[in-house]
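Colleague: pasting the structure only:
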């Protein structure tokens, strides 16, 4: 397991460069069990480095703070993508086999993007700007392997509003465009120890305006570590 995880981490770190104008974060899917539980997670993904934290201050209420960063100097000019977001939501456990969550979130980010060597078949090949994102996220999970692991997924539905400071398509510069997005994800979390676990996820980003007013990663894969504090052992 450790050798496989190390191989995937190295592979994803090599892939982690800003290849898109909008680079979606890997969603935070904590599947909180009880009040005062805290979860922290760090992942390396095809969308860069992702850092996530979730905390339940009250029963059935959870707060999230998530961040993302990626940088690459392998092209003709440095590329980067940086983003932070916050969310508030609720969690429910209808029975011992089902965990449910719902979140409302908002985030903002900046990016600088350009295709390598101008060889892209896409019309939109370079851009710099900033954006805001509003989203709804629905999480579902189930314990497996005698509660030593969790399997589940989420669907994130949102709007990405991108403002162009510059672009190779001159008609975009100085304008703001809205993009409806749907992001379905699957994840698996396995516990190496009681508090520490591995997490793996895979998802898609489906949004309008591709190659006209936005570029994005369609497929996102990631692996990382999850740390849990304050969980009731009986949960």
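Modeller: Done, it's in. Since this is a predicted model, take the numbers as computed values, not measurements.

Colleague: wouldn't residue 195 be in contact with residue 229 here?
Modeller: Yes. In this structure residue 195 lies within contact range of residue 229 using C-beta atoms under 8 Å: 6.7 Å. Every C-beta, even on glycine, is put in place using the N, C-alpha and C of the backbone.

Colleague: What's opposite the residue nearest to residue 70 when sequence neighbours are not counted in the beta bridge?
Modeller: The shortest distance from residue 70 to any non-neighbouring residue, by C-beta to C-beta, 6 or more residues apart in numbering, is to residue 48 (2.6 Å). On the basis of DSSP bridges, residue 48 takes part in beta bridges with residue 45.

Colleague: which SS state does the spatially most central residue of the chain fall under?
Modeller: For the chain, residue 26 is the residue whose C-alpha lies nearest the centre (C-alpha atoms, centre = their mean; 1.6 Å). Residue 26 falls in the coil class when you classify it by DSSP: H, G, I helix; E, B strand; the rest coil.

Colleague: do residue 189 as well
Modeller: State at residue 189, reduced to three classes by three-state DSSP: strand.

Colleague: and it, how far is that from residue 20?
Modeller: Counting by C-beta to C-beta, to the nearest Å, the gap from residue 189 to residue 20 is 26 Å.

Colleague: and those two? which has more neighbours close in?
Modeller: residue 189 (24 against 20; other C-beta atoms under 10 Å).

Colleague: Wait, residue 158 touches residue 133, no?
Modeller: Yes. Assessed by C-beta under 8 Å, residue 158 is found in contact with residue 133 at 5.6 Å.

Colleague: quick revisit: what confidence value was assigned to the residue nearest to the centre of the chain?
Modeller: Per-residue confidence (pLDDT) for residue 26: 89.

Colleague: Over to residue 134?
Modeller: Residue 134 carries a pLDDT value of 98.

Colleague: coming back round to it: who touches the residue nearest to the centre of the chain in this structure?
Modeller: Residue 26 makes contact with 43, 45, 47, 50, 52, 68, 185, 201, 203, 220, 222 under the criterion C-beta atoms under 8 Å, 6 or more residues apart in numbering.

Colleague: Any buried residues in the helix or strand hosting the fifth one, and which?
Modeller: When secondary structure is defined using DSSP states H and E, the element that contains residue 52 is strand 48-58. Buried residues in strand 48-58, counted by 16 or more other C-beta atoms under 10 Å: 48, 49, 50, 51, 52, 53, 54, 55, 56.

Colleague: And for stretch 189-209?
Modeller: Residues 189-191, 197-203, 205, 207, 209 are the ones in stretch 189-209 that count as buried (16+ other C-beta under 10 Å).

Colleague: what's the most distant pair in those residues?
Modeller: With C-beta to C-beta as the measure, no two of the buried residues of stretch 189-209 lie farther apart than 191 and 209, at 40.5 Å.
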